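# For reference, the sequence and a predicted model appear below.
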Amino acid sequence: MVDAIHRTTFEAMASRCELRFAAPDAHMAALLAQQAMDEVRRIETKYSRYRPDSIVSRINAAAGKDAVRCDGETMSLIGYAAALHGASGGLFDITSGVLRRAWDFRKPEVPRREVLEPLLALVGWDKVDCGAGEVALRLAGMEIDFGGFGKEYAADRAAALLADAGVRHGYVNLGGDMRFIGPRLNGQPWSIGIQDPRDPDSVIASVPVSQGALATSGDYERYFELDGQRYCHILDPRDGMPVRYWRSISVLAPMATAAGSCSTIAMLKQEDGLSFLNASDMGYLAVDDQGQMLFRDV
């Protein structure tokens, strides 16, 4: 029986998601797609800060009081967050989500310093205690948030599940965070368009990808403009202010978690982002605040 490409779309993690992969028939494709979707939703349920029963919400609710027991998967993600904090010079900090309390990107208003200062006092990976299978936040009001790599982790897990089931052609796309299982049926790479950060209906480039992952960070997802300045949702944990130097950065990496983390760190590093990208040995396409494109193939 000859495989054909099957496509499934669904909503998860506040994103439009897509599975596209080869299977021998529609019945098998539906079974595999359901398993992949179940895995994505399992991760969302377990780690969403919007769900009061998630492990992240339980850790946050115990801030300043108790340590919370965590399973091996959660401790692995906490360890990954610690590694990202170190690799970014402290810029990638999963405790910085509290800063969103000061910003509402639905209205053009920059928060006052007296609003930001008490929130900045709650930011800092050095205020997180990780023991043997438990996590504690030292200060009441602190939060952790896996939003910086949660979708990418789910994309990697869903793709691994499909690959383990025998899928050899296809990809997982969770709101633009993509993990590739293999090329098209004819062996040619998938052609993936990179959105123009200033025109949602246009692409600035098409990237051929057969294996690995592609993720993009940018200043165009949640933002407002005020007095000619764009304020985006990617916030520097040192001062609570939005980054400015890059319009978007797309990264090609072996894993979606690595691609997304690398693109976000490069955005956070602003003028030092290019040096970070060049040291990463990953392919990238970056657009600076003047609209200039810089790229490196892999």
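That came through fine.

# Would you agree residue 142 falls within a helix?
No: counting by DSSP: H, G, I helix; E, B strand; the rest coil, residue 142 falls outside a helix, being coil.

# For it, give me its contacts.
With C-beta atoms under 8 Å, 6 or more residues apart in numbering as the criterion, the residues that contact residue 142 are 60, 63-64, 95, 98, 122, 127-128. Every C-beta, even on glycine, is put in place using the N, C-alpha and C of the backbone.

# how about 6 Å then?
63, 122 (C-beta atoms under 6 Å, 6 or more residues apart in numbering).

# Quick one: mean pLDDT for stretch 154-162?
The predicted model assigns stretch 154-162 a mean pLDDT of 98.

# What are the contacting residues of that stretch?
Residues outside stretch 154-162 that contact it (C-beta under 6 Å, 6+ apart) are 21, 32, 35-36, 39-40, 43, 172, 174, 177, 179, 181, 255-257.

# cool, stretch 188-199 as well?
With C-beta under 6 Å, 6+ apart as the test, stretch 188-199 has contacts from 183, 202-210, 214, 218, 220, 247-248, 250, 285, 287.

# Going through these, which ones are buried?
Applying 16 or more other C-beta atoms under 10 Å to the contacts of stretch 188-199, the neighbour count classes 183, 204, 207, 209, 214, 218, 220, 247-248, 250, 285, 287 as buried.

# got any ranges where the stretch 1-150 of the chain has weak pLDDT?
For the stretch 1-150 of the chain, residues meeting the criterion pLDDT under 70 lie at 1-2.

# Going by residue numbers, what spans are strands in it?
Using DSSP state E, counting those that start in this stretch, the strands of the stretch 1-150 of the chain run over residues 4-12, 15-23, 68-69, 128-130, 134-137.

# quick revisit: could you dump the buried ones among the contacts of stretch 188-199 to TSV with pLDDT, secondary structure and distance to residue 159?
Shown next, in TSV, are the buried ones among the contacts of stretch 188-199 (pLDDT from 0 to 100; DSSP: H, G, I helix; E, B strand; the rest coil; distance: C-beta to C-beta, whole Å):
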residue	pLDDT	secondary structure	distance to residue 159
183	97	coil	14
204	95	strand	26
207	94	strand	17
209	97	strand	13
214	98	strand	12
218	96	strand	23
220	94	coil	26
247	97	strand	28
248	97	strand	23
250	97	strand	18
285	97	strand	22
287	97	strand	27
